[in-house]
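Participant: What would the 3D arrangement of this be:
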Amino acid sequence: MSSQQDTQLIHMTNQIAANLGGGRDEETAAAATCRHLETFWARSMKHRLVATLEREDAGLSPPAMRAVALLAERLAKRHNG
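Facilitator: Below is the predicted model of the structure:
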């Protein structure tokens, strides 16, 4: 995927986190966002999004970043599990 596609994935993740976060604490919003990503996103999209965590300037909002970190943990458990 190109950098433009990464940017689009990040943008969509930030939007999902904002929409699902509405009035919730950050951890609850991150968990809801992670569930959404796990349920509705293709495996390739999830792995590409997790790879953006390595970039400091990825542009993820704090709840989106936490959601992606949770997703990374869950994907690693499945892979190693």
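Participant: From now on I want contacts and neighbour counts done on CA atoms only, so please keep to that.
Facilitator: Fine.
Participant: Looking at whichever strand or helix holds residue 38 now, give me its mean pLDDT.
Facilitator: Element membership for residue 38 (DSSP states H and E) is helix 26-40. In this model, helix 26-40 carries a mean pLDDT of 96.
Participant: Go through that helix and flag the buried ones.
Facilitator: 26, 29-34, 36-37 (16 or more other Cα atoms under 10 Å).
Participant: what does stretch 59-68 give?
Facilitator: For stretch 59-68, by 16+ other Cα under 10 Å, it's 60-61, 63-68.
Participant: quick revisit: give me the helices and strands touching the helix holding residue 38, please.
Facilitator: Applying 3 or more Cα pairs under 8 Å, 6 or more residues apart in numbering; DSSP states H and E, one finds that helix 26-40 contacts helix 3-21, helix 62-80.
Participant: Indicate which one of the ones you listed is closest to residue 45.
Facilitator: helix 3-21 (7.6 Å; Cα to Cα).
Participant: The closest residue to residue 62 other than its chain neighbours and residue 17: what is the separation?
Facilitator: Excluding the flanking residues, the one nearest residue 62 by Cα to Cα, 6 or more residues apart in numbering is residue 26, at 7.9 Å. Residue 26 is 9 Å from residue 17, where distance means Cα to Cα, to the nearest Å.
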